[in-house]
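S.K.: Sequence below, structure please.
(one chain, ligands or ions: 1)
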Amino acid sequence: MKRIVTVQDISCVGKCSLTVALPIISAMGVETSVLPTAVLSSHTLFPHPAVCDLTDEIPRITAHWREIGVTFDGIYTGYLGSPGQLDLISRFIDAFRGDGFVFIDPVMGDHGRLYARFTPSFVGRMAALCAKADVIVPNLTEACLLLDIPYIGDNYTEADIRSIVKRLTALGAKKAIVTGVSFAPDRLGAYAYDSAADEYVSYFDERMADSYHGTGDIFASVCVGALAGGKTLGQALEAAVTFTCACIRLTAASPGHDKAFGVHFEQALPLLMGNTAQ
Ligand code: PXL
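M.R.: Residues are numbered from 1 along each chain as shown. Have a look, this model is predicted:
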């Protein structure tokens, strides 16, 4: 069985980061080890979460992993809540990547704004970490931050997006996927560039009326499960866009749902089960 490790926070309330990555990647038949970066009472779109930063625990955990000789087929990083973690995670990648793939979701912001707790100086350091990745998966906000260009909003052409994904790989990542891309009012999806093959791939599904918190983490988790299972970049995009859309559809149809708590991915998990890796 393939084993990946995911490096991100535990948000106790409000489904995102580890509380979605663990069930989703596991449902896809991939063993999912965790390196928690922080414990927060909720994600940071709720006001004033209580935060327990785990930066000092990371060297202790990874030292033990070296002692027991654990290896991973992939490393997937997400929300890294404090700037001091970037150097540690960079060294962790060097020590543990082996022949596995490195998948970095440069979680920093959305809708043209940085999330609470992130500063502009974090952005440059995240761009440096992205150079180590096989695959990066920013949303459009994060893509513009990484490239140090003004937020593109929703006023762009396909040529603009092609230029963005290609320039993202120039930061050093082999493949770049940008999420939340739309060229038609009723379609939304992801656009990617594979620098080794000099190839663009994209996948789109129905655009939903509302946006929901935590869907970027759901998208990234399905990509990781698919890639660990040997799927191509195009197949991973299709699986991730389709699943994320299915989750949003289920949530939107659920009376009294609260968008801040994330999407009802639990009810969609059976859709991933047929995709299990060996
Ligand atoms: O979904 C990304 C994410 C992960 N973890 C925490 C967050 C966010 C986005 O706001 O606050 C703690």
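
S.K.: how about the residues of the chain that lie near the ligand?
M.R.: Proximity of the chain to the ligand, by Cβ under 6 Å from any ligand atom, involves residues 9, 11, 16-17, 40, 43-45, 79, 107, 115, 214, 216-217. For the C-beta atoms, the positions are set from N, CA and C on the backbone; glycine is no exception.

S.K.: And the furthest pair within those?
M.R.: L40 and G216 (16.5 Å; Cβ to Cβ).

S.K.: returning to what we had before: in helices, which of the residues of the chain next to the ligand fall?
M.R.: 216-217 (DSSP state H).

S.K.: Find me the pLDDT at the residue of the chain positioned farthest from its centre, would you?
M.R.: Most distant residue from the mean C-alpha position of the chain: E67, 28.8 Å away (Cα atoms, centre = their mean). With respect to pLDDT, E67 scores 98.

S.K.: Checking my notes, it in a strand, right?
M.R.: No. Assigned with DSSP: H, G, I helix; E, B strand; the rest coil, E67 falls outside any strand and is helix.

S.K.: Does G180 touch P138 like I think?
M.R.: No. Using Cβ atoms under 8 Å, G180 is not in contact with P138, being 9.5 Å away.

S.K.: higher neighbour count, those two?
M.R.: P138 (29 against 22; other Cβ atoms under 10 Å).

S.K.: residues contacting that one?
M.R.: Contacts for P138 (Cβ atoms under 8 Å, 6 or more residues apart in numbering) come out as 105-106, 145-146, 168, 176, 178-179.

S.K.: got it, and A192?
M.R.: 165, 175-178, 200-202, 233, 237.

S.K.: mind showing which ranges of the stretch 151-278 of the chain have poor pLDDT?
M.R.: 275-278 (pLDDT under 70).

S.K.: circling back to that earlier point, out of the contacts of P138, which comes closest to the ligand?
M.R.: Comparing the contacts of P138 against the ligand with Cβ to the nearest ligand atom places D105 closest, at 8.3 Å.

S.K.: Report the secondary structure element holding the residue lying closest to that closest one once chain neighbours are set aside.
M.R.: Leaving aside its chain neighbours, D105 sits nearest to A220 (4.4 Å; criterion: Cβ to Cβ, 6 or more residues apart in numbering). Using DSSP states H and E, A220 sits within helix 215-228.

S.K.: which strands and helices sit next to that helix?
M.R.: Packing contacts for helix 215-228, counted by 3 or more Cβ pairs under 8 Å, 6 or more residues apart in numbering; DSSP states H and E, involve strand 3-11, helix 18-27, strand 74-77, strand 101-104, strand 175-184, helix 233-252.

S.K.: who does the helix or strand following the last one touch, helix- and strand-wise?
M.R.: Just to be clear, that refers to helix 233-252. Sequence order places helix 270-273 as the next helix or strand after helix 233-252, per DSSP H and E. Helices and strands touching helix 270-273, by 3+ Cβ pairs under 8 Å, 6+ apart, are helix 18-27, helix 233-252.

S.K.: where's D87 relative to the ligand, distance?
M.R.: 20 Å (Cβ to the nearest ligand atom, to the nearest Å).

S.K.: Distance-wise, check that residue relative to G124.
M.R.: According to Cβ to Cβ, to the nearest Å, D87 and G124 sit 13 Å apart.

S.K.: Pretty sure F183 sits against D160.
M.R.: No. F183 is beyond contact range of D160, at 10.2 Å (criterion: Cβ under 8 Å).
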